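A.B. asks: predicted model and sequence follow; I will ask about them next.
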Amino acid sequence: YAQGPRDRWSTAEDTLKAGASAERADEEVAGGLDSLVSDLNSWLGGMNSLARAQEAGGLLRGEVRHVFRRSRVGSLSVDGRRDQAARMSFMAHLLRGRAEGTDAFGERLDDAILRLPTPTALRARLVRAVEATVGLLPSERSAEIVLLEPGCGAFLARLMPHLVRQGARVHCLDGDSQTLAFADAGLQARPTNIRLNMVNQDVVALPSSENLGLPAADVVVLNGLVDYLPARVTTGLLSWCRDQLVPGGGVVVTGLAPTSDARFMEHVLHW
């Protein structure tokens, strides 16, 4: 499965070295990646064992590791030995959407990965989640916002400019202190009328937790949580969110529909 894409990527490199058409190089890079994603999807789609799928993905990852490392996405993902900060950096890069690489080929490969359905959908979801949140903000006073699992801080960074006029307190809840620290550190410029409250709290346990002393919220945001939580847990969490709201407040919930590159993202890039 890796030989065909490698041949196309070799053609792309030769094209770049010869100073020929950059458009042709882009076509070869994207075409090689698309065929890899498609073949992997077909290959793993016939396996009914997660362990076998993971093993197969690992074998393919080994075949393309040296190439993928030249892209920013690949350098953050293919080795698989990532701490929380590295995982957050990986997600932040997907959401930023600006291609980077060790050379011209690596940058083009990074761009092709960033254009795949899942990274594209993640960026679109982020924009829509911010828009929905802004639509629920009060116009006559500062806002109270609860964000369950801030992730890499991309949502906060996009939301912040919309909070400046009225001010806000944003309460970020996450069970991992490193995630909270990463999101906090990523927000360089902060208006004085916007305050962040980082709360180390397992969000899955919220329905059964003691009173955290949070104020009633205008908006509670669950950006992507339903992608991996069981339905039973999601139901309990949504009930907690409802009880946390002021009258007229709202809950913003986002998720991803199935994507054609899902197996590639999971088994090759460790998403």
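C.D. replies: Noted; the coordinates are in hand.
A.B. asks: wait, a strand at D218?
C.D. replies: Yes - D218 sits within a strand when classified using DSSP: H, G, I helix; E, B strand; the rest coil.
A.B. asks: any idea how far W240 is from it?
C.D. replies: When Cβ to Cβ, to the nearest Å is the yardstick, D218 and W240 sit 16 Å from each other. Glycine gets a C-beta too; all of them are placed from N, C-alpha and C.
A.B. asks: more neighbours, those two?
C.D. replies: D218 (21 against 17; other Cβ atoms under 10 Å).
A.B. asks: and the more buried one, what does it touch?
C.D. replies: Remark: with contacts taken as Cβ atoms under 8 Å, 6 or more residues apart in numbering, D218 is in contact with L136, L137, P138, A143, E144, I145, L245, V246, G249, G250.
A.B. asks: residue contacts, the second one?
C.D. replies: With contact taken as Cβ under 8 Å, 6+ apart, L137 is in contact with A143, H162, L163, Q166, A168, D218, V219.
A.B. asks: same thing but 10 Å
C.D. replies: Under the criterion of Cβ atoms under 10 Å, 6 or more residues apart in numbering, the contact partners of L137 comprise A143, E144, I145, L159, H162, L163, R165, Q166, A168, D218, V219, G250.
A.B. asks: likewise G62?
C.D. replies: Contacts were defined as Cβ under 10 Å, 6+ apart; by that measure G62 touches A2, V78.
A.B. asks: give me the nearest residue to the residue most central in space within the chain, chain neighbours excluded.
C.D. replies: Centrality entry for the chain: nearest residue to the mean C-alpha point is M91, 4.2 Å, by Cα atoms, centre = their mean. Distances taken as Cβ to Cβ, 6 or more residues apart in numbering place C152 nearest to M91, at 4.5 Å, with adjacent residues excluded.
A.B. asks: measure the one you found to T133 for me?
C.D. replies: Where T133 is concerned, C152 sits at a distance of 17 Å (Cβ to Cβ).
A.B. asks: over to S35?
C.D. replies: Applying Cβ to Cβ, one obtains 39 Å for the distance of S35 from T133.
A.B. asks: do S10 as well
C.D. replies: Using Cβ to Cβ, S10 is found at 46 Å from T133.
A.B. asks: settle this for me: S21 is touching E27, isn't it.
C.D. replies: Yes - the pair S21 and E27 qualifies as a contact (Cβ atoms under 10 Å) at a distance of 8.8 Å.
A.B. asks: overlap in contacts, the two.
C.D. replies: Both S21 and E27 are contacted by T15, under the criterion Cβ under 10 Å, 6+ apart.
A.B. asks: who has more neighbours out of the two?
C.D. replies: Neighbours per residue (other Cβ under 10 Å) separate S21 from E27, with E27 holding more: 15 against 11.
A.B. asks: what comes up buried for whichever helix or strand that one is part of?
C.D. replies: Under the criterion of DSSP states H and E, E27 resides in helix 22-45. Buried residues in helix 22-45, counting neighbours by 16 or more other Cβ atoms under 10 Å, are found at 25-26, 28-34, 36-37, 39-40, 43-44.
A.B. asks: check stretch 54-62 too.
C.D. replies: In terms of neighbour count (16+ other Cβ under 10 Å), stretch 54-62 has its buried residues at A56, G57, L60, R61.
A.B. asks: how about stretch 230-243?
C.D. replies: Neighbour-count burial for stretch 230-243, with 16+ other Cβ under 10 Å as criterion, is recorded at V233, T234, G236, L237, L238, W240, C241.
A.B. asks: so where is the stretch 51-200 of the chain shaky, pLDDT-wise?
C.D. replies: Applying pLDDT under 70 to the predicted model, the residue ranges of the stretch 51-200 of the chain that meet it are 80-82.
A.B. asks: would you map the helices across it?
C.D. replies: In order along the chain, the stretch 51-200 of the chain carries the following helices (DSSP state H, counting those that start in this stretch): 72-75, 84-96, 104-114, 117-134, 154-163, 177-185.
A.B. asks: could you dump the ones you listed to JSON lines with distance to E210?
C.D. replies: Shown next, in JSON lines, are these (distance: least, Cβ to Cβ, whole Å):
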{"stretch": "helix 72-75", "distance to E210": "41"}
{"stretch": "helix 84-96", "distance to E210": "26"}
{"stretch": "helix 104-114", "distance to E210": "42"}
{"stretch": "helix 117-134", "distance to E210": "27"}
{"stretch": "helix 154-163", "distance to E210": "26"}
{"stretch": "helix 177-185", "distance to E210": "19"}
